[in-house]
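Peer 1: Below: sequence and its predicted model.
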Amino acid sequence: MAKTLHSDRHRRLAELLTEKRKQAGLTQAAVAKALHRHQPFIANIENGDRRLDLVEFLELAKVVGFDPYEVLRQVEAVDPLKD
């Protein structure tokens, strides 16, 4: 299994996080501020240039207002063997 930032699952996670933020009507800057981070932190996650650890993912879900379990189910549904 690939251990890259550019696997299909990582790409899907980045897509979903971007979609959830936009659906919530939030800018990258607003999310970053709520997390006490800088805007490039969010941009790097959404661009697939930075991984999230579990705690960061849960904090992001709380700030943006999405169900982290639903997002994980969608990421899990991506076939990792296609990478």
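Peer 2: Right, received. Where do you want to start? Numbers count the residues shown, from 1 in each chain.
Peer 1: check which helix or strand covers Leu16.
Peer 2: Leu16 belongs to helix 8-23 when assigned by DSSP states H and E.
Peer 1: ugh, wrong one, His6
Peer 2: Counting by DSSP H and E, His6 is found in no helix or strand.
Peer 1: For it, give me its contacts.
Peer 2: Gly48 (C-beta atoms under 8 Å, 6 or more residues apart in numbering). The way it works is simple: take the backbone N, C-alpha and C, and place the C-beta from them, glycine included.
Peer 1: what residue lies at the spatial centre of this protein?
Peer 2: Most central in the chain under C-alpha atoms, centre = their mean is Leu17, positioned 3.9 Å from the mean C-alpha point.
Peer 1: Could you check how far that one is from Gln74?
Peer 2: 11 Å (C-beta to C-beta, to the nearest Å).
Peer 1: Same check on Leu54?
Peer 2: Note on Leu54: its distance to Gln74, by C-beta to C-beta, is 16 Å.
Peer 1: Comparing these two, which shows the higher neighbour count?
Peer 2: Gln74 (14 against 9; other C-beta atoms under 10 Å).
Peer 1: Skipping adjacent residues, who's closest to the more buried one in space?
Peer 2: Once flanking residues are discounted, Gln74 sits nearest to Leu16: 6.0 Å by C-beta to C-beta, 6 or more residues apart in numbering.
Peer 1: so how many other residues sit close to that neighbour?
Peer 2: Neighbour tally, Leu16, other C-beta under 10 Å: 17.
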